[in-house]
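Trainee: just a sequence and a predicted model for now, questions to come.
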Protein chains: 2
Amino acid sequence: MKLYSYWRSSASWRVRTALAYKGLSYDYVPVHLTRDGGEQHKEAYREKNPMRQVPLLELDDGRTLAQSVAILEYLEEVFPEPPLLPRDPYLRGKVRQLVEVVNAGIQPFQNLATTTRLRQLGVDPDAWVKEWIRRGLEAFEREVAQTAGRFCVGDSPTFADVVLVPQCYSSRRFGVDLTPYENILKIEKNCLELDAFRRAHPEAQPDAER
Amino acid sequence: MKLYSYWRSSASWRVRTALAYKGLSYDYVPVHLTRDGGEQHKEAYREKNPMRQVPLLELDDGRTLAQSVAILEYLEEVFPEPPLLPRDPYLRGKVRQLVEVVNAGIQPFQNLATTTRLRQLGVDPDAWVKEWIRRGLEAFEREVAQTAGRFCVGDSPTFADVVLVPQCYSSRRFGVDLTPYENILKIEKNCLELDAFRRAHPEAQPDAER
């Protein structure tokens, strides 16, 4: 498989973590999101993903799948071991709820296309982004207090952890103080003790810039 | 089950469609998103859903699940017939990709909390919303051209259709011309011939306002 990825993209990081956790090998294809106005906007890439975003997974037969949440679900169905979803349907629902709190509740407000557009409209994106991050993390913290063990839902990593760790990193980049979110910080620490999460880290990627 | 819903919320509409399609009965609990500054912000509701959004599904034992995509997946797992996902893992992935193009790629930019905040920042939300809708629908149209039969993926309704129909309605409310999106319009028409989609329509809800 090939993964089209950008080192600092939090959605790409999610997929890298799942691939590493499941022990799947893949070719890393870097897509630079800012150089030359962004390689994701070039027609060759847009043909593969009309949303002009990373990540994109290309299967061995050339078929492609975009949107990190769709890719996570696909990997779980085709490579079920080790699992990244619990067995109980309600707990699976809670994992997916936490995922969407970040994926639809925070990420769209902080991504590059959004902050670029806001700047063009004369709005300071930093204050805007911080506000949506805090709103989402506050909800995440309250929800996770009811389901967490060592990880977001119980004592094994799930999609919720896969999504949370990159969000913590992005939140710090935007200057959000995470100390009010005790459960989140404890879970992040437990995740980063696992090899899969560390190998998926932006700074461990071939296209990382210092 | 109880569904906390607002008639014109497109995320609530998604869940209403899935419930109707699967023949599940439920109590409808209206949450008025604008009256008195929004009932979703009241502490009693916030206890149930810290994101302060509808929909919210309350199970018979009182446990709750939020985020429409998480609720759709839960319903599919617990009430698999009739299905709203294909059997093939890759096509399931394509359905979920289309879902996220709307759920993370359009909806966060058009929802009430976002447009309210933009107005406070001095930005006209109408132009902003139209831009994100067009960007998302253009990607959806290109993707769906490769997978559609009578519906978004093949000849049976899936989550992708469940999410698309409310998005068409919202897009028109924001004044977006849908005529360039031929596949989308054809699929919407086929969906609205089905009883489940019509029964879930905002104007068929008990809290509908004329």
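Mentor: That came through, no problem.
Trainee: just the helices in chain A please.
Mentor: Counting by DSSP state H, the segments of chain A that form helices are A:10-21, A:43-48, A:68-78, A:89-103, A:107-110, A:112-120, A:125-144, A:159-173, A:182-192, A:195-199.
Trainee: what confidence value was assigned to the closest residue to residue A:109 other than its chain neighbours?
Mentor: Spatial nearest neighbour of residue A:109, excluding adjacent residues (C-beta to C-beta, 6 or more residues apart in numbering or on different chains): residue A:132 at 3.8 Å. Where you see a C-beta, it was placed from the backbone N, CA and C, and this is true even at glycine. What the model reports as pLDDT for residue A:132 is 97.
Trainee: residue contacts, residue A:84?
Mentor: Counting by C-beta atoms under 8 Å, 6 or more residues apart in numbering or on different chains, residue A:84 makes contact with A:18, A:21-22, A:72, A:75-76, A:157-159, A:162.
Trainee: mind redoing it with 6 Å?
Mentor: Counting by C-beta atoms under 6 Å, 6 or more residues apart in numbering or on different chains, residue A:84 makes contact with A:76, A:158-159.
Trainee: surely residue A:27 and residue A:2 touch.
Mentor: Yes: Residue A:27 lies in contact with residue A:2 (C-beta atoms under 6 Å); the separation is 4.6 Å.
Trainee: what sits in contact with each of those two?
Mentor: Counting by C-beta under 6 Å, 6+ apart, nothing touches both residue A:27 and residue A:2.
Trainee: neighbour count winner among the two?
Mentor: Each of residue A:27 and residue A:2 has its neighbours counted (other C-beta atoms under 10 Å in any protein chain shown); residue A:2 has more, 15 against 9.
Trainee: how close does that one sit to chain B?
Mentor: 15 Å (C-beta to the nearest C-beta, to the nearest Å).
Trainee: next, count neighbours for the residue nearest to that residue when sequence neighbours are not counted.
Mentor: With C-beta to C-beta, 6+ apart as the criterion, residue A:2 has its nearest non-adjacent residue at 4.1 Å, and that residue is residue A:58. Neighbour count for residue A:58, taken as other C-beta under 10 Å: 17.
Trainee: how about residue A:58: which residues does it bridge to?
Mentor: Here residue A:58 sits in beta bridges with residue A:2, residue A:64, as judged by DSSP bridges.
Trainee: output the below-cut-off pLDDT ranges for chain A.
Mentor: Of all residues in chain A, none has pLDDT under 70.
Trainee: write out the residues of chain A neighbouring chain B.
Mentor: Taking C-beta under 6 Å from any C-beta of the partner chain as the criterion, chain A approaches chain B at residues A:50-51, A:65-67, A:69-70, A:73-74, A:77-78, A:89, A:93, A:96-97, A:100, A:103-104, A:108, A:121, A:123, A:139, A:142.
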